[in-house]
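>>> make a model of this:
(chains A, B, C and D)
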Protein chains: 2
Amino acid sequence: MEHEPDGSESLRLEDLIGYHLRRASIIDLQGASSVLDPLGTRLVPLSVLAKIIEHPGTTSAEICRMLGMQRANIVSILAELEGKSLVAREADPLDQRLQRLSATEAGMKAGQQWLSLLRQHEERVFARLSCAERDQLRDLLARIWQSDEG
Amino acid sequence: MEHEPDGSESLRLEDLIGYHLRRASIIDLQGASSVLDPLGTRLVPLSVLAKIIEHPGTTSAEICRMLGMQRANIVSILAELEGKSLVAREADPLDQRLQRLSATEAGMKAGQQWLSLLRQHEERVFARLSCAERDQLRDLLARIWQSDEG
DNA sequence: TATTGTTATACTCTATAACTATA
DNA sequence: TATAGTTATAGAGTATAACAATA
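Numbering: from 1, shown residues only, chains lettered A, B, ... in the order given. Below is the predicted model:
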């Protein structure tokens, strides 16, 4: 934290971490979108698909808790993934409220391909950072949002 | 970068820096919004006002370049700030296309107050990080988006 | 009562395209 | 031609409130 000669706080926009967080996030987001766009997908569907692959048989509500999103907002995403035959839903026989989710063969393939392309995109976005710096950044960021979780 | 035993890349969502960037940014954004909401403002108007205070006599197009936003999107923001008498516009006598912007007394006071509240908000969001870690994070983030600037 | 999936709705932020006036 | 400010519009991603079905 910087201080002015008179002891009052310096109040420039650039001193706020949130400002840099936002701008870096926008850069990354736009690059990711331009990579995923030709494939006809976006970041949120990719994240949902990745979580279904990681956790076969999971439910919509569980994914929302994992990704920190609202239940209302996953509905159209799942409809989209199902419409592309990347994800299948199956009613849970023991709890009729639940729809167990799983990735199809095509879904697993697409998920791996999408993630792989995103990784290539990150190579470009974070080109100025060394591997150690990237690990450090990932760790610092994780501590921010994970400290906010239940 | 982590690798699987067979040499293929590990492809979990959590390995992507962009994932953590996004989630941390959302946490910060939501906290900032809840702080600014009672004051009747938001992050972008605050950023624009801060830049006008920092650069008296600047123009709308210059602020857009500084903040990395589209000219179209600053129009309603400036109208809002002007409507609250926080910002004044004055035609440039030498170039009729330009509107020179300046903060009113009330605008300077509001800008300082808003930034000060945001700083308090950051104390909470980044509470788990030491001062050195916050500086490090700010630096790493700045290098990401500033490497993308002209 | 609580949870799941869903619908409807609204807001913020970003983006693009096209226009007018001026340089 | 290029730039400044503007309008209109669209899209992604959030958020809340309320509902029916089930537990």
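
>>> helix or strand for A:Trp114, which one?
helix A:105-125 (DSSP states H and E).

>>> so does the next helix or strand after that helix get close to DNA strand D?
Following helix A:105-125 in sequence order, the next helix or strand is helix A:131-146 (DSSP H and E). No. Contact of helix A:131-146 with DNA strand D (CB under 7 Å from any atom of the strand) is absent, the minimum separation being 11.4 Å. Every residue, glycine included, has its C-beta placed from N, CA and C.

>>> wait, doesn't A:Ile26 sit right on B:Gly68?
Yes. Here A:Ile26 lies in contact with B:Gly68, judged by CB atoms under 8 Å, at a distance of 7.2 Å.

>>> these two: which is more packed in?
Neighbour totals were compared for A:Ile26 and B:Gly68, and A:Ile26 leads with 16 against 13 (other CB atoms under 10 Å in any protein chain shown).

>>> and that one, how far from B:Lys51?
Distance, A:Ile26 to B:Lys51, by CB to CB, to the nearest Å: 17 Å.

>>> what's the helix or strand for the residue nearest the centre of chain A?
Central residue of chain A (CA atoms, centre = their mean): A:Ser47, 5.1 Å from the mean position. A:Ser47 belongs to helix A:43-54 when assigned by DSSP H and E.

>>> helix or strand right after that helix?
helix A:60-67.

>>> list the buried residues in that next one.
A:60, A:63-64, A:66-67 (16 or more other CB atoms under 10 Å in any protein chain shown).

>>> kindly report the same for stretch A:43-56.
Result for stretch A:43-56 [16+ other CB under 10 Å]: buried residues A:43-54.

>>> swap in stretch A:113-129?
Of all the residues in stretch A:113-129, those buried under the rule 16+ other CB under 10 Å are A:114-115, A:117-119, A:121-122, A:125-126, A:129.

>>> now, which of these lie close to chain B?
When contact is defined as CB under 8 Å from any CB of the partner chain, these meet chain B at A:115, A:118-119, A:121-122, A:125-126, A:129.

>>> out of the residues you listed, who's nearest B:Leu98?
A:Val125 (34.5 Å; CB to CB).

>>> check contacts around A:Arg124.
By CB atoms under 8 Å, 6 or more residues apart in numbering or on different chains, the contact set of A:Arg124 is A:Gly31.

>>> ok, 10 Å please
A:Arg124 is in contact with A:31, A:35, counting by CB atoms under 10 Å, 6 or more residues apart in numbering or on different chains.

>>> and the one 10 residues further on, by the same measure?
With contacts defined as CB under 10 Å, 6+ apart, the neighbours of A:Arg134 are A:122-123, A:126, B:1, B:17, B:140.

>>> for A:Arg100, grab phi and psi.
Per-residue torsions, A:Arg100: phi -80, psi 130 (degrees, to the nearest 10).

>>> noted, bye for now.
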